[in-house]
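In: the following block contains a protein sequence and its predicted model.
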Amino acid sequence: MGDQNTPLTISTARHLLRRTGFGADPKRVADLENVTRGAAVDEILDFEPTRFRPGGRDIEDVHNNWIKYMVRVRHPLQEKLVLFWHDHFATSDQTVADPLLMRNQNRLFRRNCKGNFKTLVRSVNLDPAMMQFLDTVRNRKEQPNENYARELQELFTLGVLDLNGNPNYAQEDIVQIARAFSGWDYDRNSLEPWFRSSRHDYEADYPARGPKVIYTTFGQFGAGGSAFDANGEGEAEIDTVIDIIFEHRDSSNQNTVARHIARKLIEYFAHPSPSTAFVDAVIADSDFDTNFEIQPLLRAIFVHDDFYLSAATPGLGTKKSFKWPVDYVVGTLRQLKMKLKSKYQYLAGGEYDNVRDHLSDMGQVLLEPPSVFGWDWEEAWASSQAMLARFVFARDIGMARESGSAALRPLKLIDRSLTDPAQIVDAVTELLGVKDDLSTAARQALIDYLGPGPIQWTDDAPNGWDTRNEKIHGLFTLVLQSPYYQLH
Amino acid sequence: MAMTRRDFLKRAGLVTAGSFIGPGVLGNPFLRKALADTIGDRYFVVLFLDGGNDGLNTVVPVSDGSGTLRQDYEAARESNGSGGIRLLTTDLASTWIGTDPGTGAQLALHPAFRNATTGGLHRLYQEGHVAVVQGVGYPKPNLSHDESRGKWETADPLGINGFGTGWLGRYLAANYVGTDIPAFCVRGSIPGDFAQNATSILATSRLESFGFPYDDWYPGDWAAHENAFDALYTEAAGSAQALLKYTGDVGRATFDATQLFPQLHTQYATDRSSWSATYNTGGPNGTGTSTSRNLREVAKVIYGMKSGLFPTLNTRFFEVRKGGFDTHSDQGGAETTGQHYRLHREVSDAIEVFYEDLEDMGVANKVCIFVWTEFSRRIPQNANGTDHGSQGPALLIGGTVVGGVYGKHPDITPSVVENNDGNSPYLQGPVSTPFRSTDNRDVFGTLLKHWLMMPAANIPAVLPLDPTGPSYDPMDYWQTANFDLGFLP
């Protein structure tokens, strides 16, 4: 059993870095060996969120500028979190159709990425992109629109069912919460939220809709439920509703929001299907169920033993996770110190496709999640089309041989004094973080691919292309295509 | 992508060496299916009309019957001026089908479903191979394309189950494993009705180009690269770690597909070159249409299956999409240059060519084509088009499909339409209800039970019943008893 005072090993340090970032720099891995989990995590969490907002007039540019930022950002955990919140509060420009609103929402997620979750939810309530996406701006007293009220509970805070499989709310709660959000809009010039009293559903106007009480059945408030006009009707209701939701308790009498969010963060950063004990432990360690501060919750996750279940060599008890396409692409570029070219952010090899096309083939176009449910994770990333897209990306990386930082430059990544094929395979798989995951036979297959040593690194072969160097490019492509590299 | 198709004999060599496809990897599909719900030797093709096809101008009342259908149709659809989209009874004279089971009114297909040369889809109807199911929709219709399509694809219209999977995907997940490729979608990504994560689905617009991405600058290395790739994925497929094993399986299925599927293209193009060419005829320019060419991709796989030349191939489910049905403006009526006419004509001609190809291959009795759209359009027309609406007709085509008209025409009397946002009401009730519409899950359930041979008891795992309770209207309910709509024996 370990805790925050447990020293990191090479393998656990690598795991910590690649889950809190995109790939792991071997130098950083080496630096963290023997540092305690707690000290390493504190250092990773010690950053002030930047005010970055991806630029661009059309959504493709915004997308590519965000990717570009992920490739160069100093604190990758920040972008890993923005990506998480983008998936959690999934909003698509295909519906919003306004890149400026999407850019602003992206900055909102960045500013709040590890702050207070309740503050974040309140900000999202009145975020113009979200108000457009889930129809808050079309929620009028005559016919309250239930879209946001449903997703607020189902996706953003409570979940349909608790960890025991019992419902967290009833349809009537959706209907009532929709009333609280009626009348909210935003000013089309300043983009500031705007409460339009004349469009709000006041009880006096619609007595037939009943008292503004929610959770009379679920939520452990008792048969009387909780009244969301307790702090006065109108403008105050939207915040009161959030206060009540954050007091909701599940059928185990635990804070429902805390468990829902902690579990999802664990699934994102660690592995699918975490135990309830793991979820409850990180909540207890961080008091997330009372303060809703994200940073202490993250710390509790990153020092917990179960977080490191994925770090081990694949075996029966190992909990691996399938890399998101963005993680696959950005992590590869960061580890190989490669940059994308031009405003279109294309990869300078193979088909010369831009990064958005690569990601689209892999099943993840940022700012256009497939639905309000966000992306499907894990095995869902692994369709044949999406796998082939990764193989194509890996091939294009290997074929990127222009000069400069857009090229794959093995000599800048691997010690050229290595001439033994086994040593070169070890160095490349170490660089890409899969060395410990390879079975003996898999490692041997890569060694056999390189052929007999010694490997010559010279690049003055008679035909202009040194065969051995081609092999090393091919080795990088193979490792990036390998099943091991798809997981982390 | 140059030179991506690999030599089949070389692959066969690898098979013999046991390094790639060994016993127990693909398993014995017949053994597995004997234990499961099985499609047997049949095929299932989904044709999705994307954008919301105007059902009222697809299956059109020609007479009133015992009600007022034709009058109501003429009240809703204008005939005069450039914006008229009404189909006159004279326009419909050669595309009559059966009568409406509800009112007895004579019905006809849009005139584009008949072509003067070969007869089109209407000829297939006359030969008894087309079932028209009227008023197919779902409770609480949503007029958003995305939402409505999602409700069809998940078969979870009330959002109760929070499915991230499609109804066909759930069927496939229950019957196939990661190394199988049971389905091929002729498009860039996997559509929502096929979404799942237990088996492999090929999504590509052209089989010819689904090749493995080799390094074009280094062809001398391809064989070595392939060997190493095979070894890595074979190792992973044998891992004790579940996700690594899954990744190994899917990677191998994908690699297999890159080796196998481009060959299906070649085999078909060689053996059936004259049939291949027929898909290039018709269409506004006489060069075929995207729908005909996409259906040809399906035909290539079916031919590959039928020919027996590809023993590892086991792909029986397909999806083709035809977009452009979002006819808010310039929809047109019976004139052959009209937008809706051209859309229907493309679908009709493409299905006819495909069907003839299947007949020639001897498999027309083994194929069922299901044509659907996310919603029909508004009953009253706007200036010269139609806005989003709710339920509409679906089509089923195949040699063993029991041709005819099923379901009842929606109620389009002006008073009813006005009170329902321009849509006809969605009334889900007993079959005896006049103007009963058809729940799309009744259609899916009938397909699962009568085409995919699922025992009725297993169907709720794929199509869960709506919950009961005070929050739900009686109109939300549907029952497994409805899974016998009759369009399949």
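Out: Thanks, I have the structure now.
In: can you give me the helices for the stretch 301-450 of chain B?
Out: B:339-361, B:414-418, B:440-450 (DSSP state H, counting those that start in this stretch).
In: ignore what I typed, I meant the stretch 51-200 of chain B.
Out: Remark: helices assigned in the stretch 51-200 of chain B by DSSP H, counting those that start in this stretch are B:69-76, B:120-126, B:145-154, B:167-175.
In: quick one on the thing from earlier: as CSV, the helices of the stretch 301-450 of chain B with mean pLDDT would be great.
Out: Formatted as CSV, these follow (pLDDT from 0 to 100):
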stretch, mean pLDDT
helix B:339-361, 97
helix B:414-418, 89
helix B:440-450, 94
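In: tell me the contacts of the residue nearest the centre of chain A?
Out: The centroid of chain A falls nearest to residue A:84 when counting by Cα atoms, centre = their mean (3.0 Å). Neighbour list for residue A:84: A:265, A:268 [criterion: Cβ atoms under 8 Å, 6 or more residues apart in numbering or on different chains]. Quick note: C-beta positions are derived from backbone N, CA and C, even for glycine.
In: kindly report the same for residue A:250.
Out: Listed by Cβ under 8 Å, 6+ apart, the contact partners of residue A:250 are A:162, A:163, A:164, A:166, A:168, A:220, A:256, A:259.
In: average pLDDT for the helix or strand the last one falls within, rounded please.
Out: By that I understand residue A:259. According to DSSP states H and E, residue A:259 maps onto helix A:256-269. The average pLDDT within helix A:256-269 is 98.
In: can you check stretch A:233-252 too?
Out: 97.
In: surely residue A:384 meets residue B:200?
Out: Yes. Applying Cβ atoms under 8 Å as the test, residue A:384 and residue B:200 come out as touching, 4.9 Å apart.
In: what ranges do the strands span in the chain?
Out: Here I'm looking at chain A. A:184-186, A:193-195, A:213-214, A:226-227 (DSSP state E).
In: other chain: chain B
Out: B:43-49, B:59-61, B:96-99, B:106-109, B:130-137, B:183-185, B:201-203, B:317-322, B:367-373, B:392-397, B:404-406, B:438-439.
In: can you list these in TSV and add mean pLDDT, distance to residue B:485 and mean neighbour count?
Out: Below are the strands of chain B laid out as TSV (pLDDT from 0 to 100; distance: least, Cβ to Cβ, whole Å; neighbours: other Cβ atoms under 10 Å in any protein chain shown):
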stretch	mean pLDDT	distance to residue B:485	mean neighbour count
strand B:43-49	98	16	23
strand B:59-61	98	16	26
strand B:96-99	98	15	18
strand B:106-109	98	17	24
strand B:130-137	95	7	26
strand B:183-185	94	24	28
strand B:201-203	86	27	26
strand B:317-322	97	20	23
strand B:367-373	98	12	25
strand B:392-397	97	9	26
strand B:404-406	96	6	21
strand B:438-439	88	7	28
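In: distance to chain A added to those, as CSV?
Out: CSV is the format used below for the strands of chain B (distance: least, Cβ to the nearest Cβ, whole Å):
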stretch, distance to chain A
strand B:43-49, 16
strand B:59-61, 31
strand B:96-99, 37
strand B:106-109, 33
strand B:130-137, 20
strand B:183-185, 9
strand B:201-203, 4
strand B:317-322, 13
strand B:367-373, 19
strand B:392-397, 23
strand B:404-406, 31
strand B:438-439, 20
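In: make a markdown table out of the ones you listed and add distance to residue A:196.
Out: Formatted as a markdown table, the strands of chain B follow (distance: least, Cβ to Cβ, whole Å):
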| stretch | distance to residue A:196 |
| --- | --- |
| strand B:43-49 | 40 |
| strand B:59-61 | 44 |
| strand B:96-99 | 51 |
| strand B:106-109 | 48 |
| strand B:130-137 | 34 |
| strand B:183-185 | 45 |
| strand B:201-203 | 45 |
| strand B:317-322 | 41 |
| strand B:367-373 | 37 |
| strand B:392-397 | 37 |
| strand B:404-406 | 48 |
| strand B:438-439 | 38 |
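In: select, out of these, the one closest to residue A:366.
Out: Of all these, it is strand B:201-203 that lies closest to residue A:366, at 20.3 Å by Cβ to Cβ.
In: for the closest one, packing partners?
Out: helix A:384-398, strand B:183-185 (3 or more Cβ pairs under 8 Å, 6 or more residues apart in numbering or on different chains; DSSP states H and E).
In: any residues touching the last one, and which ones?
Out: When you say that, I think you mean strand B:183-185. B:168, B:172, B:191, B:194, B:201-204, B:261, B:297-298, B:301, B:315-320.
In: burial of residue B:489, as a residue count?
Out: By other Cβ atoms under 10 Å in any protein chain shown, 8 other residues sit near residue B:489.
In: and for residue A:165?
Out: As a measure of burial, residue A:165 has 8 neighbours, counting by other Cβ under 10 Å.
In: residue contacts, residue 386?
Out: Since you didn't name a chain, this refers to chain A. Residue A:386 sits next to A:325, A:361, A:362, A:363 when contact means Cβ under 8 Å, 6+ apart.
In: not quite, go with chain B.
Out: Neighbour list for residue B:386: B:54, B:85, B:327, B:328, B:331, B:377, B:378 [criterion: Cβ under 8 Å, 6+ apart].
In: before we move on, the earlier item: how about the contacts of residue A:250 in JSON lines, adding distance to residue B:181?
Out: Shown next, in JSON lines, are those (distance: Cβ to Cβ, whole Å):
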{"residue": "A:162", "distance to residue B:181": "38"}
{"residue": "A:163", "distance to residue B:181": "36"}
{"residue": "A:164", "distance to residue B:181": "38"}
{"residue": "A:166", "distance to residue B:181": "39"}
{"residue": "A:168", "distance to residue B:181": "39"}
{"residue": "A:220", "distance to residue B:181": "49"}
{"residue": "A:256", "distance to residue B:181": "41"}
{"residue": "A:259", "distance to residue B:181": "39"}
